[in-house]
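Asks: 3D, please:
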Amino acid sequence: MAETTGTATPDTVVQDASDDGVRRRDFINVAAVSAAGIGGLAVIYPFVSQMAPSADVLAESTTEVDISAIEQGQAIKAVFRKQPLFVRRLTPQEIKEANDVPVASLRDPQTLAERTKEGHEDILVTMGVCTHLGCVPLGAADGETRGEFGGYFCPCHGSVFDTAARIRKGPAPTNLEIPDYEFTSDTVIVVGQS
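Replies: Okay, the predicted model is just below:
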């Protein structure tokens, strides 16, 4: 019978495979996964970046309004995000009338202080869009009908708002909306910032 000597045992093969260090196959796998990840990002990036707002949209995201020329009892109209914006400087009488109304009697209860900024209680900034069906109320320009409560009157369906732009009569469900705004100085407000 013949004897065999010097044959490899399975333990020796396992020892060779567990050598420390990077094998060529490992490097190829890492390179392929990295290339696939970079390729995936290159494909997805244009789709995601197209959802960012364009320059004209960013330009309309805020509106700066100079209120220095508004006298007591006057209002101006501006445009904010393609919608009318009313800015009114209330008279002491209009402030008193708004504060004298029992808040519990209102359909959408809010005080004048909740609708204006502290230190600027005489400046009322509202969106010029009726909350019923989106008509533009009258009362911001000289000579326009302000309704029986001295604020705004919506000619489409007869909603009447008081001097604090709160709904008092008619089909509108809520007060005129107060946008986010800040005073950047005593005479300038920026609408669209909170």
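Asks: any idea how far residue 32 lies from residue 38?
Replies: Going from residue 32 to residue 38 by Cβ to Cβ, to the nearest Å gives 11 Å. All C-beta spots, glycine's among them, are computed from the backbone N, C-alpha and C.
Asks: which parts of stretch 181-194 are buried?
Replies: The neighbour-count check on stretch 181-194 (16 or more other Cβ atoms under 10 Å) flags 181, 189, 191 as buried.
Asks: which of those lies closest to residue 72?
Replies: residue 189 (16.8 Å; Cβ to Cβ).
Asks: tell me what that closest one is bridged to.
Replies: When bridges are called by DSSP bridges, residue 189 pairs up with residue 65, residue 183.
Asks: check which helix or strand covers residue 76.
Replies: strand 75-80 (DSSP states H and E).
Asks: what's stretch 43-59 in contact with?
Replies: The contact list for stretch 43-59, computed with Cβ atoms under 8 Å, 6 or more residues apart in numbering, reads residue 61.
Asks: repeat that with 7 Å
Replies: Residues from elsewhere that reach stretch 43-59 (Cβ atoms under 7 Å, 6 or more residues apart in numbering): none.
Asks: coming back round to it: give the buried residues for the strand holding residue 76.
Replies: For strand 75-80, by 16+ other Cβ under 10 Å, it's 75-76, 78, 80.
Asks: packing partners for the very next helix or strand once past it?
Replies: Heading C-terminal from strand 75-80, the first helix or strand you meet, by DSSP H and E, is strand 83-89. When contacts are defined as 3 or more Cβ pairs under 7 Å, 6 or more residues apart in numbering; DSSP states H and E, strand 83-89 packs onto strand 75-80, strand 123-127.
Asks: lowest average pLDDT across these?
Replies: In terms of average pLDDT, strand 75-80 trails the rest of those, at a mean of 87.
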